[in-house]
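K.L.:
compute the structure for the input listed below.
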Amino acid sequence: MANNPDPVTLMIANAIKPGKLDEYRIWVRGISDAARQFDGYEGTQFIKPPTEDDHTVHAMIRFRDHVSLSAWEESGIRQQWLDKLPELVESRQAEKIEGIEFWFEPPDTPFAEQQQKPPKYRMALVTLLAIYPQILFIPPLVSMLLPADVPRFLAILVSCLCTVLLMTWAVMPAMTKIFSFWLFRK
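P.N.:
Residues are numbered from 1 along each chain as shown. Reported below is the predicted structural model:
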């Protein structure tokens, strides 16, 4: 597993103690700066900020591969930051998600409550169904919208950008919802 070249995402949910949100934000900046120094770190994204009713912060930390994530997880600097966390949070949940599994979250289910991931062959088939129409229609559309003298590599880049953005924020959430009866069937 350590040689797995797939990207890996660490999903984290921290329930912040009342009155500790400002200190937690400082802690997040510090641990993020520390993680940034590690080879393979690809960024942190906050999915759901805390609200008055729900003090849980959901975040995704991405690494290039398992080797990079392991180097971070086993580091002394990470442990120093985690040692400060009990003063700030009531509870913490974490889960590793490989490759494109983050596209396949059961609808209306927080990641911490998920018990199963879809089999890879099902994820591959739904991804194929989602991406095939985009490959057919987006490049011609982009070619019509861009000036004729735009270099081919740039037109392909714009097409890829459109496809990735659509896949991540529109198409895959919809496909996951539509095919959830099959994706998450035991």
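K.L.:
what about the helices in the protein?
P.N.:
In the chain, the helices defined using DSSP state H lie at 21-36, 66-73, 76-84, 120-145, 152-166, 172-178, 180-183.
K.L.:
need the residues that contact the worst-scoring helix or strand of the chain on mean pLDDT.
P.N.:
Using mean pLDDT, DSSP states H and E, strand 41-48 stands out as the lowest-scoring helix or strand of the chain, at a mean of 77. Outside strand 41-48, the residues that touch it by Cβ atoms under 8 Å, 6 or more residues apart in numbering are 7, 28, 32, 35, 56-64, 68, 72. Quick note: C-beta positions are derived from backbone N, CA and C, even for glycine.
K.L.:
mind putting the helices of the chain into a markdown table with mean neighbour count?
P.N.:
As requested, the helices of the chain are arranged in a markdown table below (neighbours: other Cβ atoms under 10 Å):
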| stretch | mean neighbour count |
| --- | --- |
| helix 21-36 | 15 |
| helix 66-73 | 18 |
| helix 76-84 | 13 |
| helix 120-145 | 14 |
| helix 152-166 | 14 |
| helix 172-178 | 17 |
| helix 180-183 | 14 |
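K.L.:
between the ones you listed, which one is nearest to residue 93?
P.N.:
For residue 93, the closest of these is helix 76-84, at 13.7 Å, according to Cβ to Cβ.
K.L.:
ok, residues contacting that closest one?
P.N.:
Against helix 76-84 from outside (Cβ under 8 Å, 6+ apart): 27, 30-31, 34-35, 37, 72.
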